[in-house]
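**Q** pasting a predicted model and its sequence here:
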Amino acid sequence: MVGRSRIAAALSVALVSIGLAAPAPAGAAVGRAELALRWAPIHYQDVDATGSHALGGRSDYLTRVDFDGDWNGRNNWDRAGQAGASFSAAVYYSVAETGTHWFITYFFFHPRDWVDHPFFETEHENDGEGVLLAVQKDGSTYGVLRSAVTVAHTSFYSYTPSGSTWTSGRETVDGTLQLQSSPHDSFQHPVTAQEVQGHGLKAYPQYRINGDGLVYYPSDRGEAPSGTNDRDVPYELIDIFADGGLWARRDAAGLFANLGTFAGDTSGDCGVGTYSCGTNSANAPWGWDDGDDLPGRGEIATDPAKLSAEYFTVPGELARAYAYNPYTAERADLREAARTAPPVTD
């Protein structure tokens, strides 16, 4: 009990310092910010520093959508290459809750999806990949992790940690979700990884660092990497539903081309020396889609209980009615947007 008290106290200090809800006292419900911090991934990011579009490796650094001080999605490719561009590490999250589970979506953003050769690959402005975690309520403070579904371009990959009671459903489980201790707290965190350039995201070690790379750890603050081979980079967590944040700006024409798809153009050197530069090619979580699978566009974030029931065989109850789901009020709009949206190209 002493260990748990120390953990709760440390989390309380961290969360209060960034204006987030402090851990609930014993017997009270855990806060969503605290829950997201508890289960946030330790994240391995491979880095390629070669080629002019790599920006010396910075094109593979995680950062905020508004890293350049504005919410214009059509200038991010160019602004990433300017002196003084901030690459302070950040990951976005949202939490949905049913009577039996919490579902936590994490969104990882890069200003560039890039290549360093001329052969039949397209690069584009903005890049968004991520992971959905399903956490079962078992009476403990933070629950027990049961599964992960990651986003790698236009495909989803499913994983379970060792000892999980969840098994393959309509989709075959693609591997084991590893857990790793963090030097910044006393928890075991799930471990994810992203490839260079296109930034597909899978469970570690299905992607791994090859040479230079970054290891990101969830924290109460974000820091920029000290270089291309920094193995301890703290990242901050940002609520997708924060006032004035990503979801609040979902209809902003400068940021989104349509619901769930970031606006991006061909300005600057995007596509120069490569096959081509795509436009409006990256997606926020409510735009993620694996077209070969049954769940609809964006449902990995907006209806994660449905997706989990499709992807996995779940013993016992997996409640589908939401006690909390900020996307729910927009469900009709999201369904219509999914029906009429252009093909996903990320």
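**A** Looks like it came in fine. Everything numeric in this text was worked out from a predicted model, so none of it was measured.
**Q** from now on I want contacts and neighbour counts done on CA atoms only, so please keep to that.
**A** Fine.
**Q** where does this protein dip in pLDDT?
**A** Applying pLDDT under 70 to the chain picks out residues 1-28, 329-346.
**Q** just the helices in it please.
**A** 2-17, 32-39, 76-80, 299-302, 304-311, 331-340 (DSSP state H).
**Q** for the closest residue to residue 283 other than its chain neighbours, give me its contacts.
**A** Leaving aside its chain neighbours, residue 283 sits nearest to residue 261 (4.5 Å; criterion: CA to CA, 6 or more residues apart in numbering). By CA atoms under 8 Å, 6 or more residues apart in numbering, residue 261 lies in contact with 280, 281, 282, 283, 284, 287.
**Q** I'd like the residues you listed as TSV, with neighbour count and distance to residue 184 appended.
**A** TSV is the format used below for those (neighbours: other CA atoms under 10 Å; distance: CA to CA, whole Å):
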residue	neighbour count	distance to residue 184
280	24	37
281	24	35
282	30	32
283	28	31
284	24	28
287	25	32
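**Q** can I get those in TSV with distance to residue 141?
**A** Shown next, in TSV, are the contacts of residue 261 (distance: CA to CA, whole Å):
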residue	distance to residue 141
280	41
281	39
282	35
283	33
284	29
287	31
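**Q** which of the residues you listed sits closest to residue 71?
**A** Checking those against residue 71 by CA to CA gives residue 284 as the nearest, at 13.8 Å.
**Q** tally of neighbours for the closest residue to that closest one other than its chain neighbours?
**A** Closest residue to residue 284 apart from its sequence neighbours, by CA to CA, 6+ apart: residue 260 at 5.1 Å. Counted by other CA atoms under 10 Å, the residues lying close to residue 260 total 24.
**Q** roughly how far apart are residue 260 and residue 223?
**A** Using CA to CA, to the nearest Å, residue 260 is found at 27 Å from residue 223.
**Q** with residue 122 instead?
**A** Going from residue 122 to residue 223 by CA to CA gives 30 Å.
**Q** could you do residue 189 as well?
**A** From residue 189 to residue 223 the distance is 19 Å (CA to CA).
**Q** have a look at those two and say which one is more surrounded.
**A** Ranked by neighbour count (other CA under 10 Å), residue 189 and residue 223 place residue 189 first, with 23 against 18.
**Q** so who does the closest residue in space to residue 138 that isn't next to it in sequence touch?
**A** Nearest non-adjacent residue to residue 138, counting by CA to CA, 6+ apart: residue 144, 6.7 Å away. Residue 144 sits next to 135, 136, 137, 138 when contact means CA under 8 Å, 6+ apart.
**Q** list the contacts of the first one.
**A** Meaning residue 135. Taking CA under 8 Å, 6+ apart as the test, what residue 135 contacts is 101, 102, 103, 104, 143, 144, 145, 146, 147.
**Q** what of the second one?
**A** For residue 136, the set of contacting residues under the criterion of CA under 8 Å, 6+ apart consists of 100, 101, 102, 143, 144, 145, 146.
**Q** now the nearest residue to residue 321 once chain neighbours are set aside: how far from residue 135?
**A** Closest residue to residue 321 apart from its sequence neighbours, by CA to CA, 6+ apart: residue 98 at 5.8 Å. For residue 98, the distance to residue 135 (CA to CA) stands at 11 Å.
**Q** the residue minimising distance to the centre of the chain bridge partners, please.
**A** With distances taken as CA atoms, centre = their mean, residue 107 lies nearest the centre of the chain, 2.1 Å away. Residue 107 has these beta-bridge partners by DSSP bridges: residue 92, residue 130.
**Q** ok, it touching residue 150?
**A** No. Residue 107 is beyond contact range of residue 150, at 10.1 Å (criterion: CA atoms under 8 Å).
**Q** joint contacts of these two?
**A** 129, 130, 131.
**Q** between those, which is nearest residue 235?
**A** Scanning the shared contacts of residue 107 and residue 150 for proximity to residue 235, where the rule is CA to CA, the winner is residue 130, at 14.7 Å.
**Q** tell me who's in contact with the closest one.
**A** Applying CA under 8 Å, 6+ apart to residue 130 gives the contacts 105, 106, 107, 108, 150, 151, 152, 201, 285.
**Q** distance of it relative to residue 139?
**A** Residue 130 sits 28 Å away from residue 139, taking CA to CA as the criterion.
**Q** likewise residue 214?
**A** 35 Å.
**Q** who's more crowded, the two?
**A** Using other CA under 10 Å as the criterion, residue 214 and residue 139 rank with residue 214 on top: 24 against 8.
**Q** what's the burial count for the residue nearest to residue 210 when sequence neighbours are not counted?
**A** Leaving aside its chain neighbours, residue 210 sits nearest to residue 46 (6.4 Å; criterion: CA to CA, 6+ apart). Using other CA under 10 Å, residue 46 is surrounded by 25 other residues.
**Q** contact partners for residue 46?
**A** By CA under 8 Å, 6+ apart, the contact set of residue 46 is 60, 193, 194, 195, 196, 208, 209, 210, 211, 212, 213, 214.
**Q** all good on my end, thank you.
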